[in-house]
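Asks: Generate coordinates for the sequence data below:
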Amino acid sequence: MNSVTISSNFDGGNIEVLDASDALNIQLNIKPDNASNFLQCFYFRQNGLPRVI
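Replies: Residues are numbered from 1 along each chain as shown. Reported below is the predicted structural model:
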């Protein structure tokens, strides 16, 4: 299996990768919005996994 990369380094991106060592069990965390109690805008990009439709 290819290596997996996950990124939120773009406008609107917001995700923290907790663990991506197992491509079948990737653990992510939504980062809190600045000065807010809400969690939203969890856009991210992944590479290295087949696209699931």
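Asks: So Asp19 versus Gln27, what's the distance?
Replies: Between Asp19 and Gln27 the computed distance is 4 Å (C-beta to C-beta, to the nearest Å). Bear in mind the C-beta positions are built from the backbone N, C-alpha and C, glycine included.
Asks: Strands of this protein, residue ranges please.
Replies: 5-7, 16-19, 27-29, 45-47 (DSSP state E).
Asks: What confidence value was assigned to Gln27?
Replies: Gln27 is assigned a predicted lDDT (pLDDT) of 91.
Asks: my guess is it contacts Leu18, does it?
Replies: Yes - at 4.0 Å, Gln27 and Leu18 qualify as touching, with contact defined as C-beta atoms under 8 Å.
Asks: Report the spatially nearest residue to Phe38, omitting neighbours in sequence.
Replies: Using C-beta to C-beta, 6 or more residues apart in numbering and skipping the chain neighbours, the partner closest in space to Phe38 is Pro32 (7.8 Å).
Asks: Report the residue spans of this protein with pLDDT below the cut-off.
Replies: 1-2, 40-41, 50-53 (pLDDT under 70).
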